[in-house]
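K.L.:
Need a 3D model of the following:
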Amino acid sequence: MKYKLTVLYLFFLLIIGCKGKTEKDIPNWHTKKKAIENKVHNQLLNVEKEQGWALLFDGKSLNGWHLYNKPDSTAFSAWEVTDGMLYCNATDETKVFGDLVTDKAFENYELVFEWQMALRGNGGVFINVQEAPEFSATYLTGPEYQLLEPAHMDTNNPKKRPGCLWGISVQKNEVEAKPNGQWNTSKIIQKDGRIEFYLNGKLTAQEDLKAAEWTQKVANSNFADNPDFGKATQGQLALQNWYFDVWFRNMKIKEL
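P.N.:
Okay, the predicted model is just below:
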């Protein structure tokens, strides 16, 4: 009898104790919110290192980057690191204007990165850029992956939508960019002159830079008067400084 009473008493105490706990007392380690809060940026997992991935942006400095055709001015440019993000302070007119390019040239690779634009912002990422005194800008040689904030008027232009190969082709699959304050995820793959652009998981552009069809598309575009545009299948990557603030993070590349 005493044994049964003792068990009942302990069971009663257990119920009272559980009811006394609040939601704050119970750990919740597996929610999406917790995962987002604890996500680490600008770092590689061990498995990514084993697969050959490398950081293009270390989250702390502009190491590996310089200003196009003006490397001595990079420290005074609009490009800076803030809160672990690569930021273009494009509205500060005291800064040296210019696109930011990688020190290294790339040929066959997979590039992933996250970005967001200022409200009504417009920018781009260029591939196969040729850096030389005879080229005054990155867009004279390098095709552009379009970055666009949804409120910008170019959202309604089929060949200037986000993820497009700017001025050349329309989106292969319709997809919208996320507005200011939210991060977009982009991917660029280039292999033997064939390129693919992705925006938020959807294929947006696909071209073969060695094909006659590509040559014809360029001839029918605004780049027809630029004889060196889109010819190279190897070159530097460039981030455009185009009068709108833009932020990048988690820039990773794997050479193929």
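K.L.:
Give me the buried positions along stretch 133-140.
P.N.:
135, 137, 138, 139, 140 (16 or more other C-beta atoms under 10 Å). Glycine gets a C-beta too; all of them are placed from N, C-alpha and C.
K.L.:
in this structure, which spans are strands?
P.N.:
53-55, 65-67, 79-82, 85-88, 100-106, 109-117, 122-129, 144-148, 184-191, 194-199, 202-208, 235-239, 246-255 (DSSP state E).
K.L.:
pull the helix or strand with minimum mean pLDDT from the chain.
P.N.:
When each helix and strand of the chain is scored by mean pLDDT, DSSP states H and E, helix 2-20 comes last, with a mean of 47.
K.L.:
Straight-line length of stretch 139-148, end to end?
P.N.:
17 Å (C-alpha to C-alpha, to the nearest Å).
K.L.:
Pull the distance from that stretch to the chain's centre.
P.N.:
14 Å (C-alpha atoms, centre = their mean, to the nearest Å).
K.L.:
Over to stretch 184-195?
P.N.:
12 Å.
K.L.:
Would you mind giving the strands of the chain as CSV with mean pLDDT added?
P.N.:
Formatted as CSV, the strands of the chain follow (pLDDT from 0 to 100):
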stretch, mean pLDDT
strand 53-55, 98
strand 65-67, 98
strand 79-82, 98
strand 85-88, 98
strand 100-106, 98
strand 109-117, 98
strand 122-129, 98
strand 144-148, 98
strand 184-191, 98
strand 194-199, 98
strand 202-208, 98
strand 235-239, 98
strand 246-255, 98
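K.L.:
Make TSV out of those strands and add mean neighbour count and distance to residue 44.
P.N.:
Below are those laid out as TSV (neighbours: other C-beta atoms under 10 Å; distance: least, C-beta to C-beta, whole Å):
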stretch	mean neighbour count	distance to residue 44
strand 53-55	16	6
strand 65-67	22	18
strand 79-82	16	18
strand 85-88	22	16
strand 100-106	18	17
strand 109-117	20	12
strand 122-129	24	20
strand 144-148	26	22
strand 184-191	19	16
strand 194-199	21	20
strand 202-208	18	25
strand 235-239	25	18
strand 246-255	20	7
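K.L.:
Columns distance to residue 219 on top of these, output as CSV?
P.N.:
Listed next are the strands of the chain as CSV, based on distance: least, C-beta to C-beta, whole Å:
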stretch, distance to residue 219
strand 53-55, 36
strand 65-67, 31
strand 79-82, 34
strand 85-88, 32
strand 100-106, 26
strand 109-117, 27
strand 122-129, 18
strand 144-148, 17
strand 184-191, 22
strand 194-199, 18
strand 202-208, 14
strand 235-239, 21
strand 246-255, 31
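K.L.:
of those strands, which approaches residue 156 most closely?
P.N.:
strand 144-148 (10.6 Å; C-beta to C-beta).
K.L.:
Next, the residues that contact that closest one from outside, please.
P.N.:
If you take C-beta atoms under 8 Å, 6 or more residues apart in numbering as the criterion, strand 144-148 is touched by 115, 117, 121-127, 154-155, 160-167, 177, 184, 186, 188, 197, 205, 240, 246.
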